[in-house]
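Colleague: no FASTA, just this:
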């Protein structure tokens, strides 16, 4: 009589197999978190650049239509990138082309804490009843031929390669956003 030995086999994973599987899942999870974070910064940069472009368009439209501020048409309408990392929409009543105490501040908007302007003291100034900016004063501008391009750059404080440029073409009056 043969005695049959029953082999009681328990099927499962070895510790090494479990360790490899968990390591792969951890790496994939880390990649998802990093990509999500990068996407969040891109979305925030796009949103703020769109907002800045809309504010410049609003200022341009105020100038084209000669919108009254405090019952009178100012000498100009401007958007100023202040050193305090704020955008200031103002009505220029004294012709100084700066948002000083004699001019009417229409709106002031701050950037989210993570973002900053790479250049400050940028001033977009539009003259009443004109379709393009009659005067622009800026520290950071590029000129080429008949086209004067004014730009403001919004960038991430942690990753200087993540940025958006809001560009104004004086020749056409076009405002665009560029992703370098």
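Modeller: Right, received. Where do you want to start? Here the structure is a predicted model, which is why all the values come from computation and not from measurement.
Colleague: what mean pLDDT does stretch 38-52 have?
Modeller: Per-region confidence: stretch 38-52 scores 85 on mean pLDDT.
Colleague: tell me how far it is from the chain's mean position?
Modeller: 5 Å (Cα atoms, centre = their mean, to the nearest Å).
Colleague: buried residues, that stretch. List them.
Modeller: Neighbour-count burial for stretch 38-52, counted by 16 or more other Cβ atoms under 10 Å, picks out 41, 44-45, 48-49, 52. For the C-beta atoms, the positions are set from N, CA and C on the backbone; glycine is no exception.
Colleague: mind putting those residues in a markdown table, distance to residue 177 and secondary structure included?
Modeller: Below are these laid out as a markdown table (distance: Cβ to Cβ, whole Å; DSSP: H, G, I helix; E, B strand; the rest coil):
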| residue | distance to residue 177 | secondary structure |
| --- | --- | --- |
| 41 | 15 | helix |
| 44 | 14 | helix |
| 45 | 9 | helix |
| 48 | 10 | helix |
| 49 | 5 | helix |
| 52 | 8 | helix |
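Colleague: just say helix, strand or coil for residue 107.
Modeller: strand (DSSP: H, G, I helix; E, B strand; the rest coil).
Colleague: so who does it touch?
Modeller: The neighbourhood of residue 107, defined by Cβ atoms under 8 Å, 6 or more residues apart in numbering, consists of 55, 88-89.
Colleague: show me those that map onto strands.
Modeller: Judged by DSSP state E, the contacts of residue 107 include 88-89 as members of strands.
Colleague: just the buried residues out of the contacts of residue 107, in PyMOL syntax.
Modeller: Typed into PyMOL, the line below selects the buried ones among those, using 16+ other Cβ under 10 Å:
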select buried, resi 55+88+89
